[in-house]
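Asker: Prediction below, plus the sequence it came from.
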Amino acid sequence: MNQVRHLIVDITCFGKDLDMRLMLRTKRAINNLSDTEKQSIRDLISSALLDSNVNGGLRWPKGKACRGQRYNVISVWYSKCLTYKNSSVRLRMRDVDRFDYRNLKKEFAREVVVKLTGIVSKLKEPDAADSCLLGMLKDDMKLVWEHFLHCDEFLNSDQILL
């Protein structure tokens, strides 16, 4: 059965160099939460402790990872995110650490998202020329290559082992 997502909250932890995402999912749609249920969810969230030594980077004190039979923590993940942008490109690099308590699966991912905002805005114009778009694409890719992907400084002939 697909779970229904009721709440997705991104939380930035200032001074901790990480971001967290909180999702409330249920097996059926919830129309109205009682004050007691809302407080249970708040208590579950507020009892979480940041701990880089545990899987997922968050832990709960013993007995605090669930609230009755209704709410419990099934997975934890956090991300460290860097964003660079100029007038035509937005690049986001993210390291994500995930841990699923149901199957005890840990996953670490390095994600990169490139948004070509200049090209997108140009495509929305009715008189966008292909040659102009191609030039913009070349410039944007050159920028990404020179500042984020070019790795000659890390790969010199002394370090390459055949």
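Answerer: Good, I have the coordinates.

Asker: Next, count neighbours for residue 58.
Answerer: 20 (other C-beta atoms under 10 Å). C-beta: built from backbone N, CA, C; applies to glycine.

Asker: what comes into contact with the lengthiest helix in the chain?
Answerer: If you go by DSSP state H, the chain has its longest helix at helix 130-144. Contact with helix 130-144 is made by 86, 88, 89, 91, 114, 116, 118, 119, 122, 123, as judged by C-beta atoms under 8 Å, 6 or more residues apart in numbering.

Asker: now that helix: how far from the chain's centre is it?
Answerer: 27 Å (C-alpha atoms, centre = their mean, to the nearest Å).

Asker: Same question for stretch 135-150.
Answerer: 24 Å.

Asker: again with stretch 44-64
Answerer: On the basis of C-alpha atoms, centre = their mean, stretch 44-64 sits 18 Å off its chain's mean C-alpha point.

Asker: Going by neighbour count, list what's buried in that stretch.
Answerer: Within stretch 44-64, the residues that qualify as buried are 44, 48, 55, 56, 57, 58, 59, 60, counting by 16 or more other C-beta atoms under 10 Å.

Asker: Just the endpoints, please. Distance across it?
Answerer: 7 Å (C-alpha to C-alpha, to the nearest Å).

Asker: element containing the residue most central in space within the chain?
Answerer: Centroid-nearest residue in the chain, with C-alpha atoms, centre = their mean: residue 79, separated by 5.4 Å. Taking DSSP states H and E as the definition, residue 79 sits inside strand 75-85.

Asker: Check residue 107 too.
Answerer: Using DSSP H and E, residue 107 sits in strand 105-115.

Asker: quick one: strands adjacent to that strand?
Answerer: Applying DSSP bridges to the sheet, strand 105-115 is found paired with strand 90-100 (antiparallel).

Asker: now stretch 113-123, how far from the centre of its chain.
Answerer: Distance, stretch centre to chain centre, for stretch 113-123: 21 Å (C-alpha atoms, centre = their mean).

Asker: let's have the chain start at 31 instead
Answerer: In the new count, where the first residue is 31, that last one comes out as stretch 143-153.

Asker: now what about that stretch, what contacts it?
Answerer: With contact meaning C-beta under 8 Å, 6+ apart, stretch 143-153 is reached by 115, 117-122, 124, 158, 162-163, 166-167, 170, 174.
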